[in-house]
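Peer 1: sequence plus the predicted model coming up.
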Amino acid sequence: MKKERVLITGGAGFLGSHLSDRFLKEGYHVIAMDNLITGSLDNIEHLMPSPDFEFYHHDVSKFVHVPGDLKYILHFASPASPIDYLKMPIQTLKVGSLGTHNLLGLALAKKARILVASTSEVYGDPLIHPQTEDYWGNVNPVGPRGVYDEAKRFQEAMTMAYHTYHGVETRIVRIFNTYGPRMRLEDGRVLPAFISQALRGEELSVFGEGSQTRSFCYVDDLVEGIYRLLLSDCADPVNVGNPEEITIREFAEEIIRLTDSKSTLSFHPLPKDDPKQRRPDISKAKEVLGWEPKYKRAEGLLPTLEYFKKKVLG
Ligand code: UDP
């Protein structure tokens, strides 16, 4: 029997490659599309021999052509770490806006259901805590994070417009900080930075006093939440993340303990507009998807650490 086909943009990235794994496992034919500006073929090398996996090297900000049927589209292409979108501000704006428009058009043409990757950044530096989906956010449009935050906010608006005006089946996931194997070592995010510094015996670079908080979700939990959302009938945005919150300073100390490192902490200026607190309210995901994370941080950090050990220590 012919397999149903799924397009995953950003398919060579951290989340896109894990989603490709999952959809192949679920029996789909997967087309991963990526322009490889932040993604890497290393993340999907193990999938290349599969007859049910194809890779298209393409920038989705340009017209997207995919021959044949598509059942689902998952739009995960975008630079996603603060230093990446500072380096590539225009590409970040384009992939969230023009890229999203192209993929919504493709979904309409193929009668495919589309799920777009939104973010906790739509809440900006949030004034309510934890963040519920009905909070509209506190975003500085012209600050350094504006290129990502506003592109994703536009993405949500455009997605909703295709849903209401064209009747396209759309899903919006608001992803909170996620970690796991295949994160890029040098992407500047706190987890790869701290783990590589701890493994090399360097000081861990804490920004500000480290009193800002984040809540970290293991990638397998996130993929499960996304999979359930795609198959659900919920067109409104849904937070998917782990509500276990920690300060960045405590997180640094946790990484030092876990890696048995002799590293100490060094303190650096807090980047502009760095959110002071972040924790998802996942009541909606629990209710609508029957989903909540299974991995405690200590459990998810083990396979992540193994991955980074190979990268750092060879
Ligand atoms: N951070 C840090 N040291 C680093 C990198 C990041 O203290 O080397 C802090 C950063 O200021 C932020 C938090 O860790 O408060 C999470 O940063 P990340 O870039 O991982 O993602 P964000 O949640 O800010 O998008």
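Peer 2: Yep, it's here. Given the structure is predicted, the values throughout are model-derived calculations rather than measurements. Numbering: from 1, shown residues only.
Peer 1: the strands in the stretch 151-300 of the chain, which residues?
Peer 2: Taking DSSP state E, counting those that start in this stretch, the strands of the stretch 151-300 of the chain run over residues 170-175, 178-179, 204-207, 213-215, 217-218, 238-240, 245-247, 265-268.
Peer 1: in the longest one, what's buried?
Peer 2: For strand 170-175, a neighbour-count test (16 or more other C-beta atoms under 10 Å) marks 170-175 as buried. (Each C-beta comes from the backbone N, C-alpha and C, glycine too.)
Peer 1: report the distance from that strand to the chain centre.
Peer 2: Relative to the centre of its chain, strand 170-175 is centred 11 Å away, using C-alpha atoms, centre = their mean, to the nearest Å.
Peer 1: other SSEs contacting it?
Peer 2: When contacts are defined as 3 or more C-beta pairs under 8 Å, 6 or more residues apart in numbering; DSSP states H and E, strand 170-175 sits against strand 113-119, helix 146-166, helix 219-231, strand 238-240.
Peer 1: deepest in the core, which of the ones you listed is it.
Peer 2: Most buried of these by mean neighbour count (mean count of other C-beta atoms under 10 Å) is strand 238-240; its value is a mean of 27.
Peer 1: from Gly99, how far off is the closest residue to Gly68 other than its chain neighbours?
Peer 2: Leaving aside its chain neighbours, Gly68 sits nearest to Arg5 (6.4 Å; criterion: C-beta to C-beta, 6 or more residues apart in numbering). From Arg5 across to Gly99, the span is 20 Å (C-beta to C-beta, to the nearest Å).
Peer 1: what pairs with the residue nearest to Gly68 across the strands?
Peer 2: When assigned by DSSP bridges, Arg5 has beta-bridge partners His29.
Peer 1: residue contacts, it?
Peer 2: By C-beta atoms under 8 Å, 6 or more residues apart in numbering, the contact set of Arg5 is 28-31, 68-71.
Peer 1: most neighbours out of the residues you listed, which is it?
Peer 2: Within those, most neighbours by other C-beta atoms under 10 Å means Val30, with 28 neighbours.
Peer 1: which bits of the stretch 151-300 of the chain sit near the ligand?
Peer 2: Within the stretch 151-300 of the chain, the positions adjacent to the ligand are 177, 188-190, 193, 205-207, 212, 214, 248, 271, 274 by C-beta under 6 Å from any ligand atom.
Peer 1: one step back: redo the helices and strands packed on strand 170-175 as CSV? Include mean pLDDT.
Peer 2: Listed next are the helices and strands packed on strand 170-175 as CSV, based on pLDDT from 0 to 100:
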stretch, mean pLDDT
strand 113-119, 98
helix 146-166, 98
helix 219-231, 98
strand 238-240, 98
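Peer 1: are any of the residues of the stretch 151-300 of the chain next to the ligand buried, and if so which?
Peer 2: 177, 189-190, 193, 206, 212, 214, 248.
Peer 1: let's have those residues in a markdown table, adding distance to Phe76 and pLDDT.
Peer 2: Formatted as a markdown table, those follow (distance: C-beta to C-beta, whole Å; pLDDT from 0 to 100):
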| residue | distance to Phe76 | pLDDT |
| --- | --- | --- |
| Asn177 | 16 | 98 |
| Arg189 | 16 | 96 |
| Val190 | 21 | 97 |
| Ala193 | 22 | 97 |
| Val206 | 29 | 98 |
| Gln212 | 26 | 98 |
| Arg214 | 20 | 98 |
| Ile248 | 26 | 98 |
